[in-house]
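# Below are the sequence and a predicted model; questions follow.
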Amino acid sequence: MSIEINSVSLRINDMDILKDISLKVKPGELMAVLGPNGSGKSSLIRIISGDILPTKGDVVIDDKPLVEIDVQEQALKRSVMSQSQQILYDYTVREIIEMGWIYEGMRESEINVKNKISEVAEECYVTHLLDRSFNTLSGGEQRRVHFARTLLQINHDYEKVGHRYILLDEPTANLDLSFELKLVKLLKNKAKQGFGILLIIHDLNLASKFSDKIAILYNGALSSYGIPKDVFKSKLLSNIFGIPMDVNPETLRVSYY
Amino acid sequence: MYLKYSLNNKLRFLKKIFQTRYIKPKQTLIILGLLSLLVISFVLGITFGSYNIPLSNILKSTIEPIHKTVLIQIRAPRVVLAGFVGASLALSGASLQGLFRNPLADPGLIGVSAGAALGATSIIVLSNHFVPETLSGPFLLPLAAIGGASGVIILLFLLTKGFKTRGTTYMLLIGIAINSLAGVCIGILTYISSDAELRSLTFWTMGSFGGVTWPLLLPAIIIISFFLFWAMPSSRNLDLLQLGEIEAQRLGINLKKLRFNIVISSAAIVGISVSLSGMIGFIGLVVPHLARLLGGVNHSYLLISSAIAGSSLMIIADLFARVLVQPAELPVGLITSAIGAPFFLYLIINTKKA
C-alpha cells in the first residue's frame, strides 16, 4: 500500500525531463523532494497526479496502476496543491475552500461539510478570511486558502477509498517564516494520522528536521534517496546545489553562507 | 405515503439539476425576485402593444374577439419566444464565460450563430432563384438557419476530435475561424443580393420576434427547455474549472464531458434562438455580468439567474421595440445593442484585471 513510482522517465521534445525515477510514498510518511530549479520536481508531481503520462515506467497507487483509476476516484484518494493560479471571478474564500469538497456520496452532509470547512480553515489560519473575496488576499494568504482546499479534498467520509495522499508543489512559497513552519508541522501531523505526503520544498533545514524520507533530484535523475541522516552529506549537497554547504552530522542543520 | 416518497424523489432530482446546495439564501431571494420580474414583464408584454389589452379584461374574459385573436395568435407566441430566446442567450453566455474562463465570451464566440446566419442568408438571397415556389413557406428560413447552426456544431465536434483536444483556447480559435469563414460567405451573398433581399437581410441581422406562430414555436420551446435543463447540472463543475483546467481535473472533473455538455447545449439553444429571431446582440454578454453584480459568481446561482434575467429583459426590450415608434416596429437587436454596448464599454473600462 503506497504510491509507487516505477522507473519513470519523461522525454519532451528530445529533452530528458526525468530519467528512470523510482520512489515510494508510504502512508504515514512525509517525503520531501529537494533539488535545484529545473531538476524535474514539478514534472514528477504532474506525473503522479495523472496530468501527463510518463514516456517510460508507470505509477501505481495502492496496487492499482494510475491509468486504470478514473479521475474521480483519483481525486478522492489524493489531493494536489500546485503553484498558484489566478482566479478570474470574485469567489469568496469560503467558496474556494468548498471547491475541495468533491464527495457527493452522502445526502445529509451539508452540516458536516460546513464543520469540515471550519476545521481546515482553522488548521490553515484562514478562519478570519472566510467571507473575504479571494482576489483581495495577499499571495501568502491565497496559498493558505489553497492549502485548506487541498486538505478538505481528502477529508471526506468515504472509507472505501483506502489510504489517502497529499502531493504539494512548494506549498511554502510566499509564506512568512512562521506560517512556513506551521504548515510543515501540520503536514508532519497529517503524516502521523496516516496520510502519505510528498512535499516539494526548498528549505533544507525544514526538510531534514521534519521529513521521514528525502529524495534529491538533479538534472532529472534521482541522485539520492533515503532517510535524512543518510542523504544529508556536505559533499553531496554542495555538488548538487553548486555552492559550498556544511552539514552538522548531529543536528543535520545545513549552513551555506 | 407513496405520494410523499415520489415527491421527495422529484425534489431531490430538481435539487441535483439546479445544484441548489451551492446556492446561498441571499441568492435564492434574488432568484425569486427575478422570477417575479419575469412574471411582470410577461404581463406587460401581452397587455401592451399597438392594441392595449387591459389585464383585468383578460382575467374577466370580457375581451373582444379581435383582441383575443391578437392575444393568442400574435402576441402570446411573440412574448414567449422573446422570453425563451432571452433565457437561451443569457444562459449560454454565462456558461461559455465560465467554460472559457473569459468574461468577454458570448454565444457568438463558438461560431454557431454565424452558422445560423449563413443558413438564413442563403435562403433570403438564393431562395428566389433556386427553391421552387411550393417549398418556400414560413418554415424554410428557420430550418435553413438550424441547418447552418447544426453544421457548425458538427464541424466543431469533428475538429476538436469530440472535444478531446487539450485546452479550450483551441476551441475558441476554431470558433473564431468558423466565424470569419461564415462572414466571408455571408459577405459574398450580400454582394450578389438584390436591393429587396438586402433590405430583408439587414433586418434579419438586427433581430425580431415578429411573425412567429405556435407551430413553429412549440418544437423550439421543447428543444430549448431540454437543453436549458441539460446545462444546469454542470454549474458546480464550472465553478471548479475556475481554478484552472489541470486543477479541475485533479478534483475529479471529466473535462471532455464538461466541454461537451456546455458546448452542445449552448450551440443548440443559441442555434434555435438565432434561427427564429435573427441576431440579437449583447444579451448573452451583458446579462451574466448583471447577475454577477447582483448576487455572486458561483455558477449554480449564475446560470439560473442569468436565464431568468435574460428572459425578462428580452421581453421588455421587445415591448420597447413594439411600442416606441408605433405603428412601425424597431428591430429588437437594435434596442438590446443600444443598451448593451454602453454597458459593455463600462465593463471593459472597469475590468480590474485584463
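Nice, thanks for sending it over.
# what about the residue lying closest to residue A:152 once chain neighbours are set aside, distance to residue B:208?
With Cβ to Cβ, 6 or more residues apart in numbering or on different chains as the measure, residue A:100 is the residue that lies nearest to residue A:152, at 3.6 Å, once sequence neighbours are left out. The way it works is simple: take the backbone N, C-alpha and C, and place the C-beta from them, glycine included. Taking Cβ to Cβ, to the nearest Å as the criterion, residue A:100 is separated from residue B:208 by 48 Å.
# do the same with residue B:6
Between residue B:6 and residue B:208 the computed distance is 43 Å (Cβ to Cβ).
# cool, residue B:221 as well?
In this view, residue B:221 and residue B:208 are 18 Å apart by Cβ to Cβ.
# Have a look at these two and say which one is more surrounded.
residue B:208 (23 against 16; other Cβ atoms under 10 Å in any protein chain shown).
# Surely that one is in contact with residue B:335?
No: at 10.7 Å, residue B:208 does not count as touching residue B:335 under the criterion of Cβ atoms under 8 Å.
# what touches both of those two?
residue B:321 (Cβ atoms under 8 Å, 6 or more residues apart in numbering or on different chains).
# Excluding sequence neighbours, find me the nearest residue to residue A:79.
residue A:153 (3.7 Å).
# wait, what's in contact with that neighbour?
Under the criterion of Cβ under 8 Å, 6+ apart, the neighbours of residue A:153 are A:75, A:79, A:100-102, B:251.
# can you tell me which of those are in strands?
Residues of the contacts of residue A:153 located in strands (DSSP state E): residue A:79.
# State the number of residues packed around the residue of the stretch 51-200 of chain A found nearest chain B.
Using Cβ to the nearest Cβ, the single residue of the stretch 51-200 of chain A nearest to chain B is residue A:75, 3.0 Å away. Counted by other Cβ under 10 Å, the residues lying close to residue A:75 total 26.
# Spit out the contact partners of it.
For residue A:75, counting by Cβ under 8 Å, 6+ apart, the contacting residues are A:102, A:153, B:250-252.
# What are the buried residues along the host helix or strand of residue A:17?
Using DSSP states H and E, residue A:17 sits within strand A:15-25. For strand A:15-25, the buried set under the neighbour-count rule, 16 or more other Cβ atoms under 10 Å in any protein chain shown, comprises A:17-19, A:21, A:23-25.
# any chance of the residues you listed in TSV, with pLDDT and distance to residue B:257 too?
Converted to TSV, the buried residues of strand A:15-25 look like this (pLDDT from 0 to 100; distance: Cβ to Cβ, whole Å):
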residue	pLDDT	distance to residue B:257
A:17	95	30
A:18	95	30
A:19	95	35
A:21	95	32
A:23	95	32
A:24	94	33
A:25	95	30
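# okay, among these, which ones form the most distant pair?
The largest separation in the buried residues of strand A:15-25, counting by Cβ to Cβ, is between A:17 and A:24 at 20.6 Å.
# and the residue of the stretch 151-300 of chain B found nearest chain A, how far is that from residue A:46?
Ranked by Cβ to the nearest Cβ, the top residue of the stretch 151-300 of chain B for proximity to chain A is residue B:252, at 3.0 Å. To residue A:46, residue B:252 is 17 Å away according to Cβ to Cβ.
# Please apply the same query to residue A:39.
The gap separating residue A:39 from residue A:46 is 14 Å, by Cβ to Cβ.
# quick revisit: filter the contacts of residue A:153 down to the ones in helices?
Residues from the contacts of residue A:153 lying in helices, with DSSP state H as the criterion: residue A:75.
# and of the contacts of residue A:153, the nearest to residue A:139?
Out of the contacts of residue A:153, the one with the shortest distance to residue A:139 is residue A:100. That distance is 19.6 Å, counting by Cβ to Cβ.
# Could you verify my assumption that that closest one touches residue A:145?
No: Residue A:100 lies out of contact with residue A:145 (Cβ under 8 Å); the separation is 10.1 Å.
# For the stretch 51-200 of chain B, which residues score under the pLDDT cut-off?
Low-confidence segments of the stretch 51-200 of chain B, defined by pLDDT under 70, span residues B:131-138, B:162-167.
# Near chain A, which residues of it? Just list them.
By Cβ under 8 Å from any Cβ of the partner chain, the residues of the stretch 51-200 of chain B that approach chain A are B:101-103.
# What's the local residue count around residue A:165?
Using other Cβ under 10 Å, residue A:165 is surrounded by 21 other residues.
# and chain A, which residues reach chain B?
Residues of chain A found near chain B (Cβ under 8 Å from any Cβ) are A:49-51, A:71-76, A:79-80, A:82, A:85-92, A:95-96, A:98-100, A:102, A:110, A:135, A:153.
# now those residues: which count as buried?
Buried positions within the residues of chain A next to chain B, assessed by neighbour count (16+ other Cβ under 10 Å), are A:49-51, A:73-76, A:79-80, A:82, A:87, A:89, A:91-92, A:95-96, A:98-100, A:102, A:135, A:153.
# Look up how far residue B:108 lies from residue B:315.
To residue B:108, residue B:315 is 21 Å away according to Cβ to Cβ.
# for the residue nearest the centre of chain A, helix, strand, or coil?
For chain A, residue A:168 is the residue whose C-alpha lies nearest the centre (Cα atoms, centre = their mean; 1.7 Å). When classified by DSSP: H, G, I helix; E, B strand; the rest coil, residue A:168 comes out as strand.
# ok, now residue A:31?
strand.
# what's the closest non-adjacent residue to it?
Nearest residue to residue A:31, sequence neighbours excluded (Cβ to Cβ, 6+ apart): residue A:213, at 4.4 Å.
# hang on, the earlier thing: and the contacts of residue A:75, which is closest to residue A:243?
Set against residue A:243, the nearest of those by Cβ to Cβ is residue B:250 (34.8 Å).
# got a list of what the closest residue in space to the closest one that isn't next to it in sequence touches?
Nearest non-adjacent residue to residue B:250, counting by Cβ to Cβ, 6+ apart: residue A:80, 4.8 Å away. With contacts defined as Cβ under 8 Å, 6+ apart, residue A:80 is in contact with A:45, A:49, A:150, A:166-169, B:247, B:250.
# and stretch A:50-66, what's its mean pLDDT?
Within the predicted structure, the mean pLDDT of stretch A:50-66 is 94.
# how long is that stretch end to end?
End-to-end distance of stretch A:50-66 (Cα to Cα, to the nearest Å): 7 Å.
# you'd agree residue A:44 is up against residue A:21?
Yes: counting by Cβ under 8 Å, residue A:44 sits close enough to residue A:21 to count as a contact (6.6 Å).
# Return every residue with contacts to both of those two.
With contacts defined as Cβ under 8 Å, 6+ apart, the residues adjacent to both residue A:44 and residue A:21 are A:5, A:8, A:217.
# Secondary structure element for the first one, which one?
With the criterion set as DSSP H and E, the secondary-structure element containing residue A:5 is strand A:3-12.
# Give the pairing partners of that strand; include direction for each.
Sheet pairing of strand A:3-12 (DSSP bridges) gives strand A:15-25 (antiparallel), strand A:56-61 (antiparallel).
# Contact partners for residue A:154?
In this structure, residue A:154 makes contact with A:76-79, A:164-166, A:195, judged by Cβ under 8 Å, 6+ apart.
# Which strand residues bridge the spatially closest residue to residue A:83 that is not a sequence neighbour?
The shortest distance from residue A:83 to any residue that is not its chain neighbour, by Cβ to Cβ, 6+ apart, is 5.6 Å, and that residue is residue A:169. In this structure, residue A:169 has the following beta-bridge partners (DSSP bridges): residue A:200.
# Next: residue A:21.
According to DSSP bridges, the partner residues bridging residue A:21 are residue A:8.
# Test my guess that it contacts residue A:219.
No: between residue A:21 and residue A:219 there is no contact, the gap being 11.8 Å when judged by Cβ under 8 Å.
# so what sits against both of these two?
Between them, residue A:21 and residue A:219 share these contacting residues under Cβ under 8 Å, 6+ apart: residue A:40.
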